[in-house]
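K.L.:
Okay, here's the prediction I keep looking at, along with the sequence it came from:
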Amino acid sequence: MWTFEKKAWQSGFKAVAGIDEVGRGPLAGPVVSAAVILPQKFTVDGITDSKKLTAKKRELLFDAIYNHAVDVGIGIVEKEVIDKINILQAARLSMLHAFQQLKKIPDHLLIDGIYPIDASVSQETIKKGDQKSISIAAASIIAKVTRDRIMVNYALDYPEYGFDQHKGYGTKKHRDAIKKIGVCDIHRRSFKGVKEYIEDA
């Protein structure tokens, strides 16, 4: 998990940030990204792709990453922007925002996926990077926990949808709620599974 970081350090880069996003697929809520700069002597165990971890383990690692990281940045792009510019561009924008929130400016970025961000800094995109780079995996945990907490808070405003359980993803319960109640303010109106119920209304 340190291969890409070690290669960057050996190339002369000093501050290497991993960047990942979560929330491309849901029918509701924002897309969230995190940028994480880890120290070279980082001893927290268990960091891996957030999807492979339990919610409890993610919460524990979230705190450990914040306590030991050199810096952490969060980027949040709301559903209004997602509907306006599409989810791919919104995801890239959230990554850029996460990078911009770092107080320490990194000189190299490790980005999950295949798309770079619009920043004039050295970048490396890595397919399935959250399974190959510890910095990206750490970013995936920060982004996932941050977004999950946002959706749990939305569940207080819209309890009938069950956002605290499915976090906005298109589960049967969620789709059934949309069919029965209609859409709410945080639904992505450009998404299939949402827009047909607006048109039917």
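P.N.:
Alright, I've got the coordinates.
K.L.:
Please state the backbone phi and psi of residue 110?
P.N.:
Dihedral angles of residue 110 (phi, psi; degrees, to the nearest 10) stand at phi -110, psi 110.
K.L.:
Go ahead and confirm it touches residue 133.
P.N.:
Yes: judged on Cβ atoms under 8 Å, residue 110 makes contact with residue 133 at a distance of 5.0 Å. (Each C-beta comes from the backbone N, C-alpha and C, glycine too.)
K.L.:
hey, what's in contact with both of those two?
P.N.:
The overlap between the contact sets of residue 110 and residue 133 (Cβ atoms under 8 Å, 6 or more residues apart in numbering) consists of 4-5, 18, 126.
K.L.:
Could you find which two of those are furthest from each other?
P.N.:
5 and 126 (11.3 Å; Cβ to Cβ).
K.L.:
is the nearest residue to residue 122 once chain neighbours are set aside in a bridge, and if so with what?
P.N.:
Closest residue to residue 122 apart from its sequence neighbours, by Cβ to Cβ, 6 or more residues apart in numbering: residue 108 at 4.5 Å. For residue 108, the beta-bridge partners under DSSP bridges are residue 16, residue 122.
K.L.:
show me the contacts for residue 108.
P.N.:
Applying Cβ under 8 Å, 6+ apart to residue 108 gives the contacts 8, 11, 13, 15-17, 121-124.
K.L.:
Buried members of those residues into ChimeraX, please.
P.N.:
What follows is the ChimeraX syntax selecting those of the contacts of residue 108 that are buried according to 16 or more other Cβ atoms under 10 Å:
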select :8,13,15,16,17,123
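K.L.:
any chance of the contacts of residue 108 in CSV, plus pLDDT?
P.N.:
Shown next, in CSV, are these (pLDDT from 0 to 100):
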residue, pLDDT
8, 97
11, 97
13, 97
15, 97
16, 98
17, 98
121, 96
122, 98
123, 97
124, 98
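K.L.:
of the contacts of residue 108, closest to residue 198?
P.N.:
Closest to residue 198, out of all of those and judged by Cβ to Cβ, is residue 123, at 37.6 Å.
K.L.:
my read: the closest one touches residue 115, true?
P.N.:
No: applying Cβ under 8 Å as the test, residue 123 and residue 115 come out as separate, 9.9 Å apart.
K.L.:
ok so, going back, among the shared contacts of residue 110 and residue 133, which are located in helices?
P.N.:
Those of those mapping onto helices are 4-5, per DSSP state H.
K.L.:
most neighbours, which of the shared contacts of residue 110 and residue 133?
P.N.:
The most crowded member of the shared contacts of residue 110 and residue 133 is residue 18, carrying 28 neighbours; neighbours defined as other Cβ atoms under 10 Å.
K.L.:
For that residue, give me its contacts.
P.N.:
Each residue near residue 18 by Cβ under 8 Å, 6+ apart is listed here: 35-38, 109-112, 129, 133-139.
K.L.:
repeat for residue 96
P.N.:
Residue 96 touches 75, 117-119, counting by Cβ under 8 Å, 6+ apart.
K.L.:
let's go with 6 Å and repeat that
P.N.:
Residues near residue 96 by Cβ atoms under 6 Å, 6 or more residues apart in numbering: 117-118.
K.L.:
Nice, that's everything, thank you.
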